[in-house]
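Q: Just need the structure, nothing else, for what follows:
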Amino acid sequence: MPAVSQLVRSHLAATFPGPVATASITFLGTQPLEVDRFGPDPSGLVRYATVGVSHAPMHPPTAAVIDPVRGPRAELVLSLSAARDEVLRTLAVLAATPQVEGLVLAAGATLDLQQPLWPGARTTAVMLGDAGGLVPDLDLRQVGEGVEPVRFFPVLPMTPDEAALARARGTGHLRELWLQAGTDLRDPARVSVLR
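A: Below you'll find the predicted structure:
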């Protein structure tokens with residue numbers, strides 16, 4: 001039976017063909033996490049995807065029982081119109097939050113690092129977009145009965161003032177502003193939609 005990480009990597013490679021580079025990071029007390037880089041593709045997009053979050057299901061810290069099989073599984077995918085490989089470690093930090101902080105990654109969740117996502121970035125936080133659009137869910141029934149599929153959440157970078165607005169007015173409000181302004185969230189040099 002293949003490991004979940006092998007299935008995730010094959011699934012990503014089928015979705016994002018092209019050159020791949022991998023960085024592996026281990027935080028004290030956590031399972032190793034890897035971040036794969038795909039691209040640039042013919043349109044110039046570079047994708048960064050985590051591999052390892054879905055090794056185990058996610059559970060909130062208040063869960064009375066930690067089921068080693070059942071529970072949601074996730075990975076993160078960041079798309080940029082220009083490579084920013086310094087984001088590899090940042091993405092691994094975000095991916096470690098289920099193990100370190102007991103966070104269950106889900107659409108609309110916000111994670112604030114309080115520092116640039118990469119050197120010189122205006123963005124310091126992220127919102128998780130809706131899974132299933134960019135990368136289809138990965139069925140894990142072959143791994144075992146009751147194992148939930150892996151969902152791949154797009155990582156949407158936010159500036160500090162956008163993150164503050166999302167906390168105050170909700171992520172739906174910020175997403176509407178992005179849509180109205182035609183904001184390209186893949187642009188690593190973009191400015192805040194609130195300026």
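Q: Name the nearest residue to the residue at minimal distance from the centre of the chain, sequence neighbours excluded.
A: The chain has L76 as the residue nearest its centroid, 2.2 Å off, counting by CA atoms, centre = their mean. Nearest-residue entry for L76: T50, 4.6 Å, with adjacent residues in sequence omitted and distances by CB to CB, 6 or more residues apart in numbering. For the C-beta atoms, the positions are set from N, CA and C on the backbone; glycine is no exception.
Q: What of L33?
A: Among residues not flanking L33 along the chain, G52 sits closest, at 4.1 Å (CB to CB, 6+ apart).
Q: In this structure the one you found contacts A3, no?
A: No. Checked against CB atoms under 8 Å, the pair G52 and A3 is beyond contact range at 10.3 Å.
Q: So the two - more neighbours on which side?
A: G52 (24 against 10; other CB atoms under 10 Å).
Q: Distance-wise, check that one relative to P119.
A: Distance, G52 to P119, using CB to CB, to the nearest Å: 24 Å.
Q: again with E145
A: The spacing between E145 and P119, counted by CB to CB, is 46 Å.
Q: Can you tell me how far P40 is from P19?
A: To P19, P40 is 8 Å away according to CB to CB.
Q: Name all residues that make contact with the residue nearest to the centre of the chain.
A: Applying CB atoms under 8 Å, 6 or more residues apart in numbering, one finds that L76 lies in contact with 49-50, 53, 91, 94-95, 105, 128, 152-153, 155.
Q: Turn those into a markdown table, including pLDDT and distance to S10.
A: Formatted as a markdown table, the contacts of L76 follow (pLDDT from 0 to 100; distance: CB to CB, whole Å):
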| residue | pLDDT | distance to S10 |
| --- | --- | --- |
| A49 | 96 | 12 |
| T50 | 95 | 15 |
| V53 | 92 | 16 |
| L91 | 93 | 20 |
| L94 | 92 | 23 |
| A95 | 91 | 19 |
| L105 | 94 | 21 |
| L128 | 97 | 23 |
| F152 | 98 | 13 |
| F153 | 97 | 19 |
| V155 | 97 | 21 |
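Q: Considering those, which is situated nearest to H173?
A: Nearest to H173 among the contacts of L76, counting by CB to CB, is L128 at 16.1 Å.
Q: Could you look up the SS state of the residue nearest to the closest one when sequence neighbours are not counted?
A: Nearest residue to L128, sequence neighbours excluded (CB to CB, 6+ apart): F153, at 4.2 Å. Following DSSP: H, G, I helix; E, B strand; the rest coil, F153 is assigned to strand.
Q: So F153 sits against E75, correct?
A: Yes. With contacts counted by CB under 8 Å, F153 reaches E75, the gap being 7.5 Å.
Q: where along this protein do the helices fall?
A: Under the criterion DSSP state H, the chain carries helices at the ranges 4-15, 87-95, 97-101, 160-169, 171-181.
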